[in-house]
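Novice: A structural model of the following input is requested.
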Amino acid sequence: MKEQASSILKILNCKKIDLHSLQRVTFNGIPDEIKGLRPLVWRVLLNYLPLDTSKWDEYLEISRDTYEIWRQELIVKPTIKAE
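Specialist: Got it, this is the predicted structure:
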């Protein structure tokens, strides 16, 4: 499993991720040895994060801002009464 985790990290540390290689290495599972590796790999595999790792921070910031806007618009606070 350490070899698999090492292979995954090597792929993720590239400027542009080779999706085919990542799919091949993770086909039989993602090891739990490194905390946070599984969610990161799934975000890439599901195309939530771009393959260009230099854009991750910007993309996550935009996603968090969008979520906060939606949360503010959709969640009705109990203290506010409908007009």
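
Novice: tell me which residue is most central in this structure.
Specialist: R43 (3.2 Å; Cα atoms, centre = their mean).

Novice: you'd agree it is up against T53?
Specialist: No. Applying Cβ atoms under 8 Å, one finds R43 not in contact with T53, separated by 11.5 Å. Where C-beta positions appear, they are placed from N, C-alpha and C, glycine not excepted.

Novice: circling back: can you tell me the SS state at the residue nearest to the centre of the chain?
Specialist: Here R43 takes the helix state, with states given by DSSP: H, G, I helix; E, B strand; the rest coil.

Novice: for it, give me its contacts.
Specialist: By Cβ atoms under 8 Å, 6 or more residues apart in numbering, the contact list for R43 reads L49.

Novice: would you mark the buried spots in stretch 36-46?
Specialist: Within stretch 36-46, the residues that count as buried by 16 or more other Cβ atoms under 10 Å are L37, L40, V41, V44.
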